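Chemist: next comes the sequence, and after it the predicted model I'd like to discuss.
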Amino acid sequence: MDLRWSTDEEQFRTEVRAWLGEQLAAWRARHPEGIRSGDTAEGFEQHLDWERTLFEDRWAVVSWPEAYGGRDASLWQWLIFEEEYYAAGGPQRVTQNGIFLLAPSIFEFGTQEQQDHILPRMAAGQDLWCQGWSEPNAGSDLAGLKSRATKVDGGWRLNGQKTWTTRGAFCTHLFGLFRTEPDSERHKGLSYLLVPLDLDGITVRGFARLDGDEGFAEVFFEDAFVPDELAYGTPVLGGEGTGWSVAMATTSSERGLTLRSPGRFMAAADRLVELWKERGRPARLRDRVIEAWMKAEAYRVQTLQTVTNTVEGRPAGAETSLVKIWWSELDVELHEVALDLLGTDAELEGPWSKGWQFALSGPIYAGTNEVQRNIAAERVLGLPRR
Ligand SMILES: Cc1cc2nc3c(=O)[nH]c(=O)nc-3n(C[C@H](O)[C@H](O)[C@H](O)COP(=O)(O)OP(=O)(O)OC[C@H]3O[C@@H](n4cnc5c(N)ncnc54)[C@H](O)[C@@H]3O)c2cc1C
């Protein structure tokens, strides 16, 4: 096992670091009013400005082909990019649900037309994608979803409601799961549709999260007509009736490698150590700081194995559920220790308290941790359902 980076990789790191140092400062200077959360209307625009800066210099999607705005970087380089990005204090990626969730499935299942049209526009922040899966009565039990798409002359009629659509209020397109075979049940007869949100019959209603940011949305479909021929050809990704298997590929990205890379948590763990020093190195919290830091490092090392497996053609399956449990619980722990270090100062709004509020949702989104434990028990460990 050789854990050293090659000279090329170290050069790549130097280039990333220099670019981020310069451009992050310039972006902040362009917004003297202060950067708001990307889950607010004003903050979303500020973050889009950042996304377009990334894109202009081909840092928005480093591992994608150059033709789609990337650099053809290896997965290893992508990991380095992520480490540097978060260490430099890079902001949340408001395009993440397109770039990190939908795009891997477009690469895997999309037609050439879908890839050629959707991917470069997504990378450039021209089209903004949100995930329309959950419904008022279908969250963990996603296969119980009721939204339907009915085949009609020249297209599909959509009816139903989606909810908890992250940044849906600010997005232009939705990737959703719909029942396309009326008498089908559960995982069968679903299709994965790529839907422009400006069609007649679609209403997007934004609403606030518990932390006050207004980025969530409910999306209503009332006889909305989606034509068979869109700018990217068919709206169906991966073929009619195959929605469940395409969706499961998307969840692997959401739970596994791409949505939450270790760089994010290593940067938080390093900041936690700094905070511990700033707060007078309290001995009573030393072990918890060390433990949280070690868990972030464990995730980093484990990811090296995941990337090795992927590069060698052994993509992750159900074990992404274990990864998801790990990063989401780690995020809560890092922030809880930070709040204990801050004591009553934690009650003032600041990055740690804001981060903690969001960390609490980690065990819920991308499939709740209770459900991930069920999946790990049955499909990784082979335990009986009861
Ligand atoms: C911050 C955030 C962002 C989100 N963004 C999106 C988005 O962009 N698009 C989207 O489609 N959805 C999104 N969601 C929704 C998310 O996917 C759902 O909240 C999640 O799947 C849980 O569904 P639910 O809320 O309906 O809870 P329920 O499914 O009703 O679950 C309630 C509780 O019961 C437990 N439970 C349910 N079934 C089982 C079981 N079989 N065994 C053990 N325990 C069980 C759950 O673990 C949970 O604790 C987001 C959620 C959050 C918090």
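Modeler: Yep, it's here.
Chemist: check contacts around the closest residue to the ligand within the stretch 101-250 of the chain.
Modeler: As assessed by CB to the nearest ligand atom, the ligand sits closest to Gly139 within the stretch 101-250 of the chain, at 1.9 Å. All C-beta atoms are positioned from the backbone trio N, CA, C, and that covers glycine. Contacts for Gly139 (CB atoms under 8 Å, 6 or more residues apart in numbering) come out as Trp164, Thr368.
Chemist: same deal with Glu9?
Modeler: Per CB under 8 Å, 6+ apart, neighbours of Glu9: Trp76, Gln77, Ile80.
Chemist: between those residues, which is nearest Val311?
Modeler: Val311 lies nearest to Trp76 out of the contacts of Glu9, by CB to CB, at 7.9 Å.
Chemist: which secondary structure elements does the helix or strand harbouring that closest one contact?
Modeler: With elements taken from DSSP states H and E, the one containing Trp76 is helix 75-87. Judged by 3 or more CB pairs under 8 Å, 6 or more residues apart in numbering; DSSP states H and E, helix 75-87 is in contact with helix 7-30, helix 262-278, helix 286-311.
Chemist: just put the contacts of Glu9 in JSON lines and tack on neighbour count.
Modeler: Below are the contacts of Glu9 laid out as JSON lines (neighbours: other CB atoms under 10 Å):
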{"residue": "Trp76", "neighbour count": "18"}
{"residue": "Gln77", "neighbour count": "19"}
{"residue": "Ile80", "neighbour count": "21"}
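Chemist: keep only the residues you listed that also lie close to the ligand.
Modeler: Applying CB under 6 Å from any ligand atom to those, one finds that nothing falls near the ligand.
Chemist: turn the residues you listed into TSV, including distance to Ala267.
Modeler: Output for those, formatted as TSV (distance: CB to CB, whole Å):
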residue	distance to Ala267
Trp76	18
Gln77	18
Ile80	13
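Chemist: so which of those residues is the closest to Val380?
Modeler: Trp76 (25.5 Å).
Chemist: what residues does the closest one make contact with?
Modeler: Trp5, Glu9, Val307, Val311.
Chemist: quick one on the thing from earlier: tell me which of the helices and strands packed on helix 75-87 sits most buried.
Modeler: helix 262-278 (a mean of 18; mean count of other CB atoms under 10 Å).
Chemist: confirm that Val204 sits in a helix.
Modeler: No: counting by DSSP: H, G, I helix; E, B strand; the rest coil, Val204 is not part of a helix but strand.
Chemist: before we move on, which element is Val195 in?
Modeler: Counting by DSSP H and E, Val195 is part of strand 190-196.
Chemist: check which residues of that strand are buried.
Modeler: Neighbour-count burial for strand 190-196 flags Leu190, Ser191, Tyr192, Leu193, Leu194, Val195, Pro196 (criterion: 16 or more other CB atoms under 10 Å).
Chemist: do it and the ligand meet?
Modeler: No: judged by CB under 6 Å from any ligand atom, strand 190-196 and the ligand are separated, with a smallest distance of 12.4 Å.
Chemist: that strand: how far from the chain's middle?
Modeler: Offset of strand 190-196 from its chain centre (CA atoms, centre = their mean, to the nearest Å): 18 Å.
Chemist: picking that back up, run the angle between the helix holding Trp76 and helix 7-30 for me.
Modeler: 30 degrees (axes from the mean of the first three to the mean of the last three CA atoms, to 10 degrees).
Chemist: tell me the first helix or strand C-terminal of helix 75-87.
Modeler: Next element after helix 75-87 (DSSP H and E): helix 96.
Chemist: residues in contact with that following helix?
Modeler: Leu259.
Chemist: other SSEs contacting the helix or strand following that helix?
Modeler: Downstream of helix 96, the first helix or strand assigned by DSSP H and E is helix 103-109. Packing contacts for helix 103-109, counted by 3+ CB pairs under 8 Å, 6+ apart, involve helix 112-123, helix 243-255.
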